[in-house]
Structures are given as structure tokens and as C-alpha cells.
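Undergrad: Build me a model from this:
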Amino acid sequence: MPFRGRARERRLETAYCAEVMALTYEEMGLLAPGRRPGYYDPGRFWSGDSLELEGGFALGGEIRVDLPE
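TA: Sure thing, here's the model as predicted:
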């Protein structure tokens with residue numbers, strides 16, 4: 001699936017995680033369209049950073065996951 005990237009056309013399989021998240025949120029209508037996926041820092045999608053979502057939506061708190069030893 002091609003999408004707009006930093007300096008060249010990129011494939012989803014080689015994208016950074018924040019680029020995939022930004023593109024997904026944009027397609028869901030949660031982010032305003034028009035910004036390049038590389039605009040978003042990975043930290044904006046977690047750890048309480050403020051990510052202004054469209055339509056009054058907001059991200060919830062982090063969910064703790066415990067893995068068995």
C-alpha cells in the first residue's frame with residue numbers, strides 16, 4: 001500500500017510506527033488530513049502527550065500489561 005512519506009514514496013511495510021499510526025488515525029477521521037505522516041513523533045501516541053484529535057475524541061490512559069516470567 002503506497003502512501004506519502006518523508007522524501008519519497010514509501011511502502012507501508014517499511015514505514016515508521018508513528019507514520020502508520022498517523023495514517024491510520026487520519027483514515028479514521030481522528031486526525032486532520034494534510035500533514036505528512038512523518039510530522040508526528042512516536043511519543044504523541046502514548047505516555048500522555050497531547051494529541052489533538054478531531055471530533056472531540058481523546059486517547060485513554062495507558063493500559064498496564066503484565067507478562068508471565
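Undergrad: Secondary structure element holding the residue nearest to the spatial centre of the chain?
TA: Central residue check for the chain by Cα atoms, centre = their mean: the C-alpha nearest the mean position is that of Met21, 2.5 Å away. Using DSSP states H and E, Met21 sits within helix 17-27.
Undergrad: rewinding a little: the residue nearest to the centre of the chain contacts Gly43, doesn't it?
TA: No - using Cβ atoms under 8 Å, Met21 makes no contact with Gly43, being 11.2 Å away. Where you see a C-beta, it was placed from the backbone N, CA and C, and this is true even at glycine.
Undergrad: returning to what we had before: and the residue nearest to the centre of the chain, what does it touch?
TA: 40, 42, 45 (Cβ atoms under 8 Å, 6 or more residues apart in numbering).
Undergrad: Let's see if you can find the most crowded of those.
TA: Tyr40 (20 neighbours; other Cβ atoms under 10 Å).
Undergrad: looking at it, that one is touching Ala18, isn't it?
TA: Yes - using Cβ under 8 Å, Tyr40 is in contact with Ala18, at 4.9 Å.
Undergrad: pLDDT at the closest residue to Ala18 other than its chain neighbours, what is it?
TA: Once flanking residues are discounted, Ala18 sits nearest to Pro42: 4.1 Å by Cβ to Cβ, 6 or more residues apart in numbering. We have a pLDDT of 78 for Pro42.
Undergrad: Gly56 versus Pro42, what's the distance?
TA: 24 Å (Cβ to Cβ, to the nearest Å).
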